[in-house]
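1. Everything below, folded, please.
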Amino acid sequence: MAAAALPRRQTGAVSAAAVEITVVLADDHNVIRAGLRAMLEADPDLRVIGEAGDAAAAAKLVADRRPTVLVLDLQMPGAEPRTDIPRLRETSPETAIVVLTMQSDPRTARDLMRAGAAGFVLKQAAERNLGEAIRTAAAGGSYVDPRLGGEMAKLEADPLDDLSERELELLRLVALGHTNREIGEQLFLSVRAIEVNRAKLLEKIGVESRPELVRFAIANRVIEPGGG
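-> Below you'll find the model as predicted:
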């Protein structure tokens, strides 16, 4: 007699929905936290295990309770997200961090994702996107609000993005034809320092001569054609 087929869930495969995701909410507004808690706990697979109203309390909760996901507001008292996120990740490597904010600047999103955040969600879209971001982060993935994804991709393709403000100014002055001495006077650096920094800049942007540098500067709108 043929053996009966086993139900799908008995074959050894574990459904992602069967794994409870624990969440800590960090936001300095009680009303917002209450709304987020009610929204998340309507999902049987998500459980809020703590709330914090400032950065220090959030760090303590993460250290003590090791949640699957920390939902972190950018503008809480004492918060310095670019340094807080790496520190929190070091404290609890198993905790993914989803940033929740009103800030729609793609550069901020990019910087915080580079710092170790697993998600970036706009508060105005939290009802629609936060649950998905939490699940994605809990599964080891990354999530960026769809409205910022395209703008972040453009940033990644921007060849000026890795240049500091001082390097951009050096690029502009060299492209405009200023001598090393003139540039040094404007940037308060020695001629030797300008020579060294100029060589590093050429290498960094991948050009070998001033004419190439000028073409690069024009193509990326650092200067206008004709030296403007």
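2. Surely Phe120 forms part of a helix?
-> No. The assignment for Phe120, made by DSSP: H, G, I helix; E, B strand; the rest coil, is strand rather than a helix.
3. which residue packs closest to it, ignoring adjacent ones?
-> Ala109 (4.3 Å; C-beta to C-beta, 6 or more residues apart in numbering). The C-beta positions use only the backbone N, C-alpha and C, and glycine is treated the same way.
4. repeat for His178
-> Per C-beta to C-beta, 6+ apart, closest to His178 is Gln186, 7.5 Å.
5. What pLDDT does the model give that neighbour?
-> Per-residue confidence (pLDDT) for Gln186: 94.
6. Give me the secondary structure label for it.
-> Assignment for Gln186 (three-state DSSP): helix.
7. that older thread, quickly find the element holding the residue nearest to Phe120.
-> In this assignment (DSSP states H and E), Ala109 forms part of helix 106-115.
8. And for Val98?
-> Going by DSSP H and E, Val98 is part of strand 96-101.
9. taking the mean pLDDT, what do you get for that strand?
-> Mean per-residue pLDDT for strand 96-101: 97.
10. Give the partner strands of it in its sheet and their orientations.
-> strand 69-73 (parallel), strand 119-122 (parallel) (DSSP bridges).
11. Need those in a markdown table (columns: mean neighbour count and distance to Lys200).
-> Shown next, in a markdown table, are these (neighbours: other C-beta atoms under 10 Å; distance: least, C-beta to C-beta, whole Å):
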| stretch | mean neighbour count | distance to Lys200 |
| --- | --- | --- |
| strand 69-73 | 27 | 36 |
| strand 119-122 | 26 | 32 |
